[in-house]
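In: just need the structure, nothing else, for what follows:
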Amino acid sequence: MRLGKLFIPMAAIAALVVPATATQALAAPRASSVPTVVGIRAAHHPTYDRVVFDFSGVAPRSATIGYVNRLVGSSGLAVPVAGRAILQVRLATAQAHVDGRSTAPTRIAFPLPNVMTVVRGVDMDGVVTYGIGLAVRQTPHIFTLSSPDRVVVDIPASFTTASKKVYFFNAPHFSNGTEPYVTPVSRPVLPLTPATGVMDRLFAGSLTGEQASGLGFLNSGATGFKNLSIADGVARVTLTGGCSSGGSTASIAGEIFPTLRQFSSVNWVKIYDPSGHTERPSGHSDSIPFCLEP
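Out: I've put the predicted structure just below:
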């Protein structure tokens, strides 16, 4: 698929891009007796990744962790979390909003060896949950620190990683008609499964600083991927969730093609819709499903 001129307004494209979330852009919390999440930080240490939940005032009375198959949101529906494992953090009594506005990111990506993303699930009835998307399932440790009060989650990350490229949609370039419309960034991935690693990092989204430069994940309605394989020079991957170009020449295909073609074993990429269909399933050629056509 070639990316050409803009067929629809940028406002419509924005609806298909995973939205940016930056702590400094969120609502300032007012005084409250309920512990309120006001920030999420993460950093790598020599043998582990640390995720920190900052609060206004005291920390919640209960903070627990456990692995789940899916993260459930306040609506009762599953919330997409990129990665090979989802570590759920449950905070009670707590909230992550004030007067209906978020006080902490709902979705944020990190370029750490194990921690890819932190995504909010539930925020209601005094309970807040977050899903931490991981590259490798490990035994975590949760505890509370004071001055100021904060909840800390440490996840082992002493394994070796390799730096690979992930290509994100460049909205300013597309709006101005300046090619290329995608920009590569570096991410750590597991050396034995680098293709899965870069796809996970793509769905984890761009970093806060990258978003400030106009880079974002144009997901075209997809919430994940499955059945990734590479054989005879052809990479095949199936989108999950939804699939729609929104009538634009820009779609998730523009990000997936170069992200997978960086590997010497990949000459062509075939993308399938959630039902398992693509335009040219056979032969040595690129292929997209009809739902990604303009």
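In: isn't there a helix covering residue 198?
Out: Yes: assessed with DSSP: H, G, I helix; E, B strand; the rest coil, residue 198 lies in a helix.
In: that one: neighbour count?
Out: Neighbourhood size, residue 198 [other CB atoms under 10 Å]: 20. Every C-beta, even on glycine, is put in place using the N, C-alpha and C of the backbone.
In: I'd guessed it sits against residue 165; true?
Out: Yes: between residue 198 and residue 165 there is a contact at 7.2 Å, judged by CB atoms under 8 Å.
In: common neighbours of those two, please.
Out: Common contacts of residue 198 and residue 165 (CB atoms under 8 Å, 6 or more residues apart in numbering): 187, 259, 262.
In: pull out the buried members of the residues you listed.
Out: Using 16 or more other CB atoms under 10 Å as the burial test, the shared contacts of residue 198 and residue 165 include 187, 259 as buried.
In: wasn't residue 49 part of a strand?
Out: Yes: assessed by three-state DSSP, residue 49 belongs to a strand.
In: separation between it and residue 180?
Out: Separation of residue 49 from residue 180 (CB to CB, to the nearest Å): 32 Å.
In: tell me the contacts of the nearest residue to residue 57 once chain neighbours are set aside?
Out: In space, and not counting its chain neighbours, residue 57 is closest to residue 35: 6.0 Å by CB to CB, 6 or more residues apart in numbering. For residue 35, the contacting residues are 55, 56, 57, 58, 59, 60, 91, 93, 94, 95, 149, by CB under 8 Å, 6+ apart.
In: residue 35 and residue 230: what is the separation?
Out: Relative to residue 230, and taking CB to CB, residue 35 is found at 47 Å.
In: distance of the residue nearest to the spatial centre of the chain from residue 74?
Out: Using CA atoms, centre = their mean, the residue of the chain that lies closest to the mean C-alpha position is residue 204, 1.7 Å off. Applying CB to CB, the value for residue 204 to residue 74 is 22 Å.
In: cool, and residue 224?
Out: Residue 224 is 20 Å from residue 74, by CB to CB.
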